[in-house]
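> Sequence first, then the predicted structure:
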Amino acid sequence: GEKVNPSYEEVCTGTTGHTEAIQVVYDPNVASYRSLLHLAFNRLGDDIYKQNQVGNDRGTQYRSGIYYHDEEQRQIAEDLLESYAVADREVFTEVKEAKIFYTAEEYHQQYLLKGGQSAKKGESESIRCYGKDKCSFTI
């Protein structure tokens with residue numbers, strides 16, 4: 001995104017260009033990068049075919065992305081995405097070089113464990129965050 005160190009509320013406006021993402025630190029002796037990507041894609045399910053949406057959460061900050069740290073990771077990500085492609089469905093996952101990762105504010109860390117809304121837990125209400133309106137969510 002373009003905004004330096006944006007707040008979660010700023011990201012929710014859809015105007016910063018940032019993606020709501022997680023940073024995974026792993027031991028390649030225990031789990032391969034490819035296996036972690038497979039796990040992520042299996043958890044996302046059909047959401048990999050949705051543009052700017054995960055579950056019921058919609059907005060540009062909810063786009064799917066893989067942010068690689070070297071050329072080997074880039075190639076693995078692109079190969080994996082190609083394997084998920086099907087004739088009638090486009091995979092909407094960007095593959096870009098990892099740049100700056102901003103840690104979310106404390107209240108948004110472990111959000112689901114704190115009782116935050118999750119479209120994957122069966123809630124039917126969406127968190128809609130785009131345009132100039134702010135997100136509505138409960139802490």
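Perfect, thanks for sending it.

> Show me the shaky parts of this protein.
110-139 (pLDDT under 70).

> State which helix of it is the longest.
helix 71-84 (DSSP state H).

> which helices and strands sit right next to the helix or strand that that one is followed by?
Remark: after helix 71-84, the chain's next helix or strand is strand 93-97, criterion DSSP states H and E. Judged by 3 or more Cβ pairs under 8 Å, 6 or more residues apart in numbering; DSSP states H and E, strand 93-97 is in contact with strand 64-68, helix 71-84. C-beta: built from backbone N, CA, C; applies to glycine.

> for strand 93-97, which positions count as buried?
93, 95 (16 or more other Cβ atoms under 10 Å).

> How far off centre is it?
Relative to its parent chain, strand 93-97 has a centroid offset of 11 Å by Cα atoms, centre = their mean, to the nearest Å.

> got the contact list for residue 37?
The neighbourhood of residue 37, defined by Cβ atoms under 8 Å, 6 or more residues apart in numbering, consists of 66, 76-77, 80.

> most distant residue from the middle of this protein?
In the chain, residue 29 marks the outermost C-alpha relative to the chain mean, sitting 25.0 Å out by Cα atoms, centre = their mean.

> Where does it sit, in terms of helix or strand?
Per DSSP H and E, there is no helix or strand for residue 29.

> What distance do you get for it to residue 66?
22 Å (Cβ to Cβ, to the nearest Å).

> Repeat that for residue 53.
17 Å.

> out of these two, which sits in the busier spot?
residue 66 (21 against 18; other Cβ atoms under 10 Å).

> contacting residues around that one?
Counting by Cβ under 8 Å, 6+ apart, residue 66 has contacts 37, 77, 81, 93-96.

> Recalculate using a threshold of 7 Å.
37, 77, 93, 95 (Cβ atoms under 7 Å, 6 or more residues apart in numbering).

> ok, now residue 5?
Applying Cβ under 7 Å, 6+ apart, we find residue 5 in contact with residue 102.

> does it count as helix, strand or coil?
coil (DSSP: H, G, I helix; E, B strand; the rest coil).

> roughly how far apart are it and residue 52?
Where residue 52 is concerned, residue 5 sits at a distance of 23 Å (Cβ to Cβ).

> May I have the distance across stretch 53-68, first residue to last?
21 Å (Cα to Cα, to the nearest Å).
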